[in-house]
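K.L.:
Predicted model, plus sequence, below.
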Amino acid sequence: MTMAPRRTASRLLTALITASLACTTAAQDEVRLPDLGSSANALISPQEAQDYGASMLRQMRALDMVVDDPLLDDYINDIGHRLAASCDKPKDHFAFFIVKDPEINAFAAPGGYIAVNSGLITITRDESELAGVIAHEIGHITQNHLQRTFEASKKDAPLMALVLLGAIAAGAASRSGDAPMAVLAGGQGLLAQKSINFTRKDEIEADRVGIQTLAKAGFDPNAMADFFQRMQDAMSTGAGGQDVPALLQTHPVTTMRISDAKARAGALIAEQKLRPSDDSMNLLQWQQNTAPIAFVKDPIHLIPLPDHDSPSSYALMRERVRVLAGDATREATYYGSNLQTRHSFDTPANHYGYALALTRSGRGAQAIGQLQPLLRSAPDNLILKLAMADAELQAGHRATALAIYSALNAQSPRNRAVALAYATALTMSGDKHQASLAADLLRPLLDNASEPEIYSAYARASSAAGDSVRAGEAFADASYYSGRPFDAMEQLKRLLKRDDLDYYARVRIQARITELTPLVLELQKRRIKTEDNPDGRQPLRPANG
């Protein structure tokens, strides 16, 4: 899929989701009070909401709209679940993921699914700002804003935007940037006419509870208001010709709202200073992370000038997002040019980003040169060591790379990023024994995994090790989690016809078919189009065996 159709689909998807979850403009100024036991639960149960959120994520993966990377997945979920543990409903289901979209935006969806655009992450200046946006979205969920909007618009199908995901996927698959627009031009176009914003009261309420969550989780409670203020100042129309970011369109801010948020943060800070023994807040932690920021314009990015301290996980992950969500060759040019011309750009995090871009664009030997000084300063940094192993492998130094992967795996067993990279390197050799080791590394990661690449890597390793049945099962799961449920079902049915299946394999495959059948039938019933069922009419043939 080309970049333009994918980006168009991404923006339409965000608009559709927010539109379907939003109230009409007539309710904009309605006073909202926290409700206990909204009747909206009768419209959609928590499990149904979670199922729809998971379906949304699979469809977004089918569009190649998700940054699927174990390091980044773990990082964004560590922040998200740290915040969720401090929110009003810590036992609720939450899942956090990164969208490949340079737009500065984030959104919450049914089932506790919270998406953060890559463009938002790369524009933040510290971890507290990123956490502030996530905390705000958590606030929308914990305060039942999604359910309220369902209840306020019962005449509309509350999950229509999610139902339309399949149609958008089919349109985007045509590689035409106008195809998703054509979908919207049909009978469902009325959704686009609705307000895409939560009410003002919802936004203020999400601010309030989000700031409390930030403080309880140990982040700077000022960060949310500071970030919105900075976006409004740096990217408002008339400030260098930049468009207003999507975040400010879907989450409109006012001077009064920002002032209110700062006042609430100040009150929390004062309260914490009166209770220095309270472990729920570490003031030094976030005070040390606040620093002035300056913006510079270049043809590709509006970028914050990084600090010159040793690289934090946040700083490294921010640059990792930039590279993995973008074009590696373009990003390599971006880093190389700025490192040559701007002294302030010469930071460990930017050298790391440069190394990633070089490795991903086929220049592993150059990447090694960028990483060596960083590892001399931080020899135990797992992120940097993993990048070095990847660079060594790309440069053709396979033995060196395997030695690094092996040491990292011994140091951090069951680390998903290490296991996936190590297993991939082992499988590449074509050696049956090494492929078997790779499968052993990946097998424990399959429990509760939803990332297609883990299943694909396990399938490749199992196939190279001679276990074609396990490989077939894993390839089917990879198809399912990539948003291709019909393909997954057909693969499983073909597996079931094999005459060499033992009892346990046959039971596993039949159980998976049974699990997928209701979903496929529902898609058929609604004639929802998916990448593997573009006309929405593919029949469900009975399984034999």
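P.N.:
Looks like it arrived, so ask away. All values reported here derive from a predicted model rather than from experimental measurement.
K.L.:
Mind listing what's buried along the longest helix belonging to the chain?
P.N.:
Ranked by residue count under DSSP state H, the longest helix found in the chain is helix 503-526. Judged by neighbour count using 16 or more other Cβ atoms under 10 Å, the buried positions of helix 503-526 are 505, 508-509, 512-513, 516, 519-520, 523-524. For the C-beta atoms, the positions are set from N, CA and C on the backbone; glycine is no exception.
K.L.:
Okay, now the unreliable bits of this structure?
P.N.:
1-44, 145-199, 234-257, 272-310, 535-545 (pLDDT under 70).
K.L.:
All the strands of it, residue numbers only.
P.N.:
Here the chain has its strands, by DSSP state E, at 95-99, 106-109, 113-117, 295-297, 302-304.
K.L.:
In TSV, list the ones you listed along with mean neighbour count and distance to Pro311.
P.N.:
Listed next are the strands of the chain as TSV, based on neighbours: other Cβ atoms under 10 Å; distance: least, Cβ to Cβ, whole Å:
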stretch	mean neighbour count	distance to Pro311
strand 95-99	23	19
strand 106-109	25	24
strand 113-117	26	21
strand 295-297	14	20
strand 302-304	19	15
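K.L.:
Any chance of these in a markdown table with distance to Ile528 as columns?
P.N.:
Shown next, in a markdown table, are those (distance: least, Cβ to Cβ, whole Å):
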| stretch | distance to Ile528 |
| --- | --- |
| strand 95-99 | 21 |
| strand 106-109 | 17 |
| strand 113-117 | 18 |
| strand 295-297 | 43 |
| strand 302-304 | 38 |
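K.L.:
quick one: which of those is nearest Ala367?
P.N.:
With Cβ to Cβ, the closest approach to Ala367 among the strands of the chain belongs to strand 302-304: 21.0 Å.
K.L.:
quick revisit: what's the longest helix of the chain packed up against?
P.N.:
Applying 3 or more Cβ pairs under 8 Å, 6 or more residues apart in numbering; DSSP states H and E, one finds that helix 503-526 contacts helix 468-481, helix 485-496.
K.L.:
Let's see that with 10 Å instead.
P.N.:
Other helices and strands packing on helix 503-526, by 3 or more Cβ pairs under 10 Å, 6 or more residues apart in numbering; DSSP states H and E, are helix 46-62, helix 468-481, helix 485-496.
K.L.:
Would you mind getting the angle between that helix and helix 46-62?
P.N.:
In terms of direction (axes from the mean of the first three to the mean of the last three Cα atoms, to 10 degrees), helix 503-526 departs from helix 46-62 by 90 degrees.
K.L.:
So which of the strands of the chain is nearest Asn222?
P.N.:
Among the strands of the chain, strand 302-304 comes nearest to Asn222, with 16.8 Å by Cβ to Cβ.
K.L.:
all helices of the stretch 51-200 of the chain, in order?
P.N.:
Listed in chain order, the helices of the stretch 51-200 of the chain (DSSP state H, counting those that start in this stretch) span 70-84, 118-123, 127-142, 145-152, 160-163, 165-173, 179-184, 200-216.
K.L.:
any chance of the buried residues of helix 503-526 in a markdown table, plus distance to Ser468?
P.N.:
Formatted as a markdown table, these follow (distance: Cβ to Cβ, whole Å):
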| residue | distance to Ser468 |
| --- | --- |
| Ala505 | 11 |
| Arg508 | 14 |
| Ile509 | 13 |
| Arg512 | 16 |
| Ile513 | 18 |
| Leu516 | 21 |
| Leu519 | 26 |
| Val520 | 24 |
| Leu523 | 28 |
| Gln524 | 30 |
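K.L.:
Can you tell me which of those residues is nearest Ile98?
P.N.:
Once Cβ to Cβ is applied, the member of the buried residues of helix 503-526 that ends up nearest Ile98 is Leu519, at 25.0 Å.
K.L.:
can you tell which of the strands of the chain is closest to Leu130?
P.N.:
strand 113-117 (7.5 Å).
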